[in-house]
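Asks: Output the structure for:
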Amino acid sequence: MIARIALVEDDATQRQAALLHLEDAGMMVKPFVTPKDFFVALERESFDLALLDWGLPDLSGQEVLARMRANGNTMPVLFVTARDGEEDVVRALDTGADDYLVKPLRGKELVARIMAVLRRSNPGQLEARYFEFDRFRFDLRAMKLVDDSLPGDQKEIELTHKEFNLALMLLRNVGKPLSRSHIREAVWGRGSEVPSLTMDTHVSRVRTKLRLRPESGFLLAPVYSFGYRLEFVTADKPD
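Replies: Modelled structure (predicted):
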């Protein structure tokens, strides 16, 4: 799993330092200077975690987090701040932060804390060889997908490398809207230029090959001006 991180930090030096630490660790990072820029991005993009500075212009990091939670955004958040008082830590955690780091940042600790938060929010997904959800079983090393609802000699689903990664990403994020940019970076790689039609074609193929339709327990649908969301649904049964 390659994590996609939103970095909200107005100090250029601190922002660049955090960016280098995270990119050196193989993470995909999108930096933001102001809360306004961050909230605008949340309308069209998705992230695995937000690294949020406490002392931001216009709104404090605590106010940004409170607004996220009030809007139903459950993305994991790690606070970064020069404040180290116990009351500050408690206030950040009570607001809904998942962890707390005091400046100056140390690269290895920053990466370790982020990975720990991601493990808690996505248990078993970061190092495991297998990922299972409902009738699907992914072998991450062999790049194979099995659908246990199919007959014995038809259980393995033939997928291209990108279709496998797209299917894995969707099943790992059931119920969560995924932005086009998030999907593009995770499946095609950072800096890739992928036409919308190419992505839509891959999504359509995955939908067909995995039978991601309501009658089979899933609904894979576009989210207008954002991306896609896979929902786990209960198929209607005839009387």
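Asks: ok, and the closest non-adjacent residue to the residue positioned nearest the centre of the chain?
Replies: Here the mean C-alpha position of the chain is nearest to the C-alpha of Asp48 (Cα atoms, centre = their mean), at a distance of 3.0 Å. Once flanking residues are discounted, Asp48 sits nearest to Ala3: 4.6 Å by Cβ to Cβ, 6 or more residues apart in numbering. C-beta coordinates here come from the backbone N, C-alpha and C atoms, glycine included.
Asks: Arg120 too?
Replies: Asp98 (7.2 Å).
Asks: count of neighbours near the residue nearest to Asp48?
Replies: The number of residues packed near Ala3 is 22, by other Cβ atoms under 10 Å.
Asks: Wait, it touches Lys30, no?
Replies: No - Ala3 is not in contact with Lys30 according to Cβ atoms under 8 Å; the separation is 11.6 Å.
Asks: Okay, buried residues for the helix or strand of the chain with the lowest mean pLDDT please.
Replies: Ranked by mean pLDDT, DSSP states H and E, the weakest helix or strand in the chain is helix 86-95, scoring a mean of 75. The neighbour-count check on helix 86-95 (16 or more other Cβ atoms under 10 Å) flags 88-89, 91-92, 95 as buried.
Asks: State the phi and psi torsions of Leu52.
Replies: phi -120, psi 120 (degrees, to the nearest 10).
Asks: Let me see the contact set for the residue nearest to Asp48.
Replies: 27-28, 48-49, 114-115, 118 (Cβ atoms under 8 Å, 6 or more residues apart in numbering).
Asks: Just put the residues you listed in TSV and tack on secondary structure, distance to Pro151 and pLDDT.
Replies: Formatted as TSV, the contacts of Ala3 follow (DSSP: H, G, I helix; E, B strand; the rest coil; distance: Cβ to Cβ, whole Å; pLDDT from 0 to 100):
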residue	secondary structure	distance to Pro151	pLDDT
Met27	coil	41	87
Met28	strand	39	88
Asp48	coil	36	89
Leu49	strand	40	92
Ile114	helix	43	90
Met115	helix	40	87
Leu118	helix	37	85
